[in-house]
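S.K.: With the sequence up front, the predicted model follows.
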Amino acid sequence: MARTAENVTTLKTGHLEERRDLAAAFRWTARLNMHEGIANHFSLAVSDDGAQFLLNPFGRHFSKMRASDMLLLDANAGKPDGLGENVDATAWYIHGALHRNVPHARCVMHLHSKYATVLSTMKDPVLPPVDQSAARFFNRVAVDAHYGGLGLAEEGERLSTLLGNHSVLVMGNHGILTAAPTVAEAFDLIYYFERACETYITALATGRELAVLSDEIAEKTAYEIANYEGHYPHRHLSAIRDILDEDEPAYRD
């Protein structure tokens, strides 16, 4: 049974810092022009089982997102009230399935960002280790080669079976999805994957032969980045929030 409007309103005051992290990620994504109008969606599980999750409301632009805008939904509660109005249908089915079926997908970010989407249109959408950022993802990306239409009920469930133990999914002919324990980690992944794709697509455009790193060096680099000291993703998001605190403090509301 879907939560009542009263319950949703009561719960809007909870998880404040998580909501602010999400709002900051939305606004920074807009600044980077990685958004697609009012399409695309980020979510964050807030219950121990992952079923209850925060999600951006349908129709609000990424650049205007506020902490209090986030909807609280339950992946096990059936279709939510306002589906197609406040709740984007593809967001509900994709994110609901992931939060229900993939335990490590606490924060899920889905974009149609320019360069990752270009990669997804290729016959071979594997990102080769052409630079340090690309090497970070060496052998660590799941690929969906069977786009099945809009991310509605069946497609959302299918997508939730593809991630496995990875944190990045290239959605063939569609876009990119990341899944991680926190907003900071999911955003850091999607940011650097887009940057790596930009380098790769730009390099291809030169028409010159690419200097692809060896598997050994690529794996070494990926391991070193994954184990880098200093909690880099969290410092990345903290730096973003510092800027927004000065420029766009309304994201915190």
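M.R.: The structure has been received and is ready for your questions.
S.K.: so what's the residue positioned nearest the centre of the chain bridging to?
M.R.: In the chain, the centroid-proximal residue (C-alpha atoms, centre = their mean) is M109; its distance is 1.5 Å. Counting by DSSP bridges, M109 is bridged to F42, T178.
S.K.: Distance-wise, check it relative to N139.
M.R.: Here M109 is placed at a distance of 21 Å from N139 (C-beta to C-beta, to the nearest Å). All C-beta spots, glycine's among them, are computed from the backbone N, C-alpha and C.
S.K.: One more: A218?
M.R.: Distance from A218 to N139, by C-beta to C-beta: 8 Å.
S.K.: Between those two, point out the one with more neighbours.
M.R.: For A218 versus N139, neighbours defined as other C-beta atoms under 10 Å are more numerous around A218 (21 against 11).
S.K.: doesn't I190 make contact with the residue nearest to the centre of the chain?
M.R.: Yes: counting by C-beta atoms under 8 Å, I190 is a contact partner of M109 at 5.0 Å.
S.K.: hey, what's in contact with both of these two?
M.R.: Common neighbours of M109 and I190 (criterion: C-beta atoms under 8 Å, 6 or more residues apart in numbering): T178.
S.K.: what residues are up against L111?
M.R.: Residues counted as contacts of L111 (C-beta under 8 Å, 6+ apart) are T29, M34, H35, E36, N40, G175, I176, L177, I190, E194.
S.K.: Whichever of these end up buried, select them in ChimeraX.
M.R.: A single ChimeraX command is used to select the members of these judged buried by 16 or more other C-beta atoms under 10 Å:
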select :29,34,35,40,175,176,177,190,194
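S.K.: Out of the contacts of L111, list just those in helices.
M.R.: T29, I190, E194 (DSSP state H).
S.K.: Quick check: phi and psi at L111.
M.R.: In terms of degrees, to the nearest 10, the main-chain angles of L111 are phi -130, psi 160.
S.K.: Skip the chain neighbours and tell me the closest residue to it.
M.R.: Closest residue to L111 apart from its sequence neighbours, by C-beta to C-beta, 6 or more residues apart in numbering: N40 at 5.0 Å.
S.K.: from memory that neighbour sits against T117, does it?
M.R.: No: using C-beta under 8 Å, N40 is not in contact with T117; the gap is 10.8 Å.
S.K.: What are the contacting residues of stretch 128-145?
M.R.: Contacts of stretch 128-145 (C-beta under 8 Å, 6+ apart): 125-127, 159, 162-164, 166-172, 174, 192-193, 195-196, 199-200, 203, 210-213, 215, 217-219, 221-222, 225-226.
S.K.: no wait, stretch 25-43
M.R.: 22, 53-56, 58-63, 65, 88, 90-91, 94-95, 98-99, 107-114, 175, 183, 186-187, 190-191, 194, 237, 240, 244, 248, 251.
S.K.: sorry, back to before: and of the ones in helices among the contacts of L111, the nearest to E155?
M.R.: The closest of the ones in helices among the contacts of L111 to E155 turns out to be I190 (C-beta to C-beta; 20.2 Å).
S.K.: what sits against the closest one?
M.R.: With C-beta under 8 Å, 6+ apart, I190 has these contacts: M34, M109, L111, S113, A116, I176, T178.
S.K.: hmm, 7 Å instead?
M.R.: M109, L111, I176, T178 (C-beta atoms under 7 Å, 6 or more residues apart in numbering).
S.K.: what's the answer for V212, then?
M.R.: Under the criterion of C-beta under 7 Å, 6+ apart, the neighbours of V212 are P128, P129, V130.
S.K.: Measure how buried the second one is and give me the count.
M.R.: Per other C-beta under 10 Å, the neighbour tally for P129 reads 23.
S.K.: Repeat that for the first one.
M.R.: When counting by other C-beta under 10 Å, one arrives at 17 neighbours for P128.
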